[in-house]
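Visitor: Let's see this in three dimensions:
(chains A, B, C and D)
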Protein chains: 2
Amino acid sequence: MDDSRWLTPQQLRAWIRLVSVVELLPGSLDAQLQRDAQLTHFEYFALARLSEAPGRTLRMTALSTATNSTLARLSHVIARLEKRGYVGRTPCPRDRRATNVALTESGWQKVIETAPGHVAMVRESVIDALDAADVADLDRIMGRVLARLDPSNRLRNWSDDGPTKAGE
Amino acid sequence: MDDSRWLTPQQLRAWIRLVSVVELLPGSLDAQLQRDAQLTHFEYFALARLSEAPGRTLRMTALSTATNSTLARLSHVIARLEKRGYVGRTPCPRDRRATNVALTESGWQKVIETAPGHVAMVRESVIDALDAADVADLDRIMGRVLARLDPSNRLRNWSDDGPTKAGE
DNA sequence: GCCTGTTAGTTGTAGCGTCAAGCATTCGAC
DNA sequence: GTCGAATGCTTGACGCTACAACTAACAGGC
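Guide: Numbers count the residues shown, from 1 in each chain, chains lettered A, B, ... in the order given. Below you'll find the model as predicted:
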């Protein structure tokens, strides 16, 4: 085992802090959304992505890509959201294997109602702790990490110039 | 709703990238550890913290602090690790409410065996994507975010000069 | 047309985390 | 000392995710 393979103290501390954030952030986001909208962060994230899509509709595969999830996970989540009336599933006529998921009017309203509180939480827990330089650094660093975590570059949507729409 | 409460495009992109990392990193770490050591990242993290403690022993509460977890979660996890022989629980004679968790010899060996592969994964997926300036920036930024996410500062151990031991 | 392989999506199961409830012990006020 | 509150930890039930197995449909070679 090559000594250079160990982490320097600086690297170790940055790593532990990153792991701590990775561990704590989801709980923080879930707690606010659960309390205020009875949604998990993932459910909200999926609804938000749908709300930005043309016609507020996406294929399952496209939505799973946009949310970094597997099709299996998404299928369960969409089934729950469908039961609650926020989305509707329709077979795609072009390709009868495929399923289109569309935001319902009720789902659209849910996103509208939920977004401000969620954005407030995002600011409170992360963004407002950072100045402009921090945000630029964070953007750069997470971009580099994503290139490693997501080698197939499924997130290319966010890799260059992302949308400016504030659905998040 | 004040317009200033929305995110700028720059903030939004940094945020989405951070969320993506938060979503993808745990799966990546878990996959490697599961494959090579039949451990979740959290289990490994707990064993690693124990391995650094004096006498390789900690109280449940202290370990839950060191791992950013609730006592309930830790209790379940320690029960699993105890069944597998990696840790042992003994009532604390000083305070009979408390439980001391100690790494067994088998658990110590497990950490020794598992650490190199895990560190390699950490480098591969995060650290090696960053230069020295990135690491410093990441450290600073995650420190600031942690101050928000962890207002009670339970993680003070990592807030100033962290340990230099490379158990991670 | 048919056969093989790939793609799209669903479903069941098992495992982990959260939450609420509970028990035992200790602390603090009086 | 004693009573109420706080602390330390455990447990059981429930919900969500990952994994694997499965069905259905398209695509290409022949």
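
Visitor: Helices of chain A, start to end?
Guide: Remark: helices assigned in chain A by DSSP state H are A:9-37, A:41-52, A:60-66, A:71-83, A:105-125, A:132-149, A:156-159.

Visitor: Residues in contact with the fifth one: which ones?
Guide: Spelled out, it's helix A:105-125. Residues from elsewhere that reach helix A:105-125 (CB atoms under 8 Å, 6 or more residues apart in numbering or on different chains): A:25, A:28-29, A:32-33, A:36-37, A:39, A:44, A:47-48, A:50-51, A:56, A:81, A:85-87, A:103, A:166-168, B:1, B:5-7, B:15, B:145, B:148-149. Any C-beta I mention is one placed from the backbone N, CA and C, and that applies to glycine too.

Visitor: picking up where we left off before, please identify the deepest-packed of the helices of chain A.
Guide: helix A:41-52 (a mean of 22; mean count of other CB atoms under 10 Å in any protein chain shown).

Visitor: And that helix, what does it pack against?
Guide: Where contact means 3 or more CB pairs under 8 Å, 6 or more residues apart in numbering or on different chains; DSSP states H and E, helix A:41-52 is packed against helix A:9-37, strand A:57-59, helix A:60-66, helix A:71-83, strand A:99-103, helix A:105-125.

Visitor: Would you mind naming what in chain A lies close to DNA strand C?
Guide: A:27, A:31, A:34, A:59-61, A:64, A:71-72, A:74-76, A:78-79, A:89, A:92, A:95, A:97-99 (CB under 7 Å from any atom of the strand).

Visitor: Can you lay out the helices and strands packed on helix A:41-52 as a markdown table showing mean pLDDT?
Guide: Compiled in a markdown table, the helices and strands packed on helix A:41-52 are given as follows (pLDDT from 0 to 100):
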| stretch | mean pLDDT |
| --- | --- |
| helix A:9-37 | 95 |
| strand A:57-59 | 97 |
| helix A:60-66 | 96 |
| helix A:71-83 | 98 |
| strand A:99-103 | 98 |
| helix A:105-125 | 96 |
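
Visitor: Same list (the ones you listed) but as CSV, adding distance to residue B:118.
Guide: Supplementary listing: these in CSV, determined by distance: least, CB to CB, whole Å:
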stretch, distance to residue B:118
helix A:9-37, 11
strand A:57-59, 36
helix A:60-66, 28
helix A:71-83, 25
strand A:99-103, 37
helix A:105-125, 28
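
Visitor: Which one, of these, ends up nearest to residue B:140?
Guide: helix A:9-37 (8.7 Å; CB to CB).

Visitor: could you give the angle of that closest one to helix B:9-37?
Guide: 110 degrees (axes from the mean of the first three to the mean of the last three CA atoms, to 10 degrees).

Visitor: give the contact list for residue A:47.
Guide: So residue A:47 contacts A:39, A:81, A:86, A:87, A:103, A:107, A:110, A:111, A:114 (CB under 8 Å, 6+ apart).

Visitor: Can you lay out the residues you listed as CSV showing distance to residue B:120?
Guide: Shown next, in CSV, are those (distance: CB to CB, whole Å):
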residue, distance to residue B:120
A:39, 37
A:81, 39
A:86, 42
A:87, 41
A:103, 43
A:107, 43
A:110, 43
A:111, 41
A:114, 41
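
Visitor: Tell me which two of these sit farthest apart.
Guide: Of all pairs drawn from the contacts of residue A:47, the one with the longest distance (CB to CB) is A:87 and A:114, at 14.3 Å.

Visitor: what about stretch A:72-83, near chain B?
Guide: No. With CB under 8 Å from any CB of the partner chain as the criterion, chain B is not reached by stretch A:72-83; the gap is at least 10.7 Å.

Visitor: and that stretch, is it in reach of DNA strand D?
Guide: Yes. Judged by CB under 7 Å from any atom of the strand, stretch A:72-83 comes into contact with DNA strand D at A:72, A:73, A:76, A:77, A:80.
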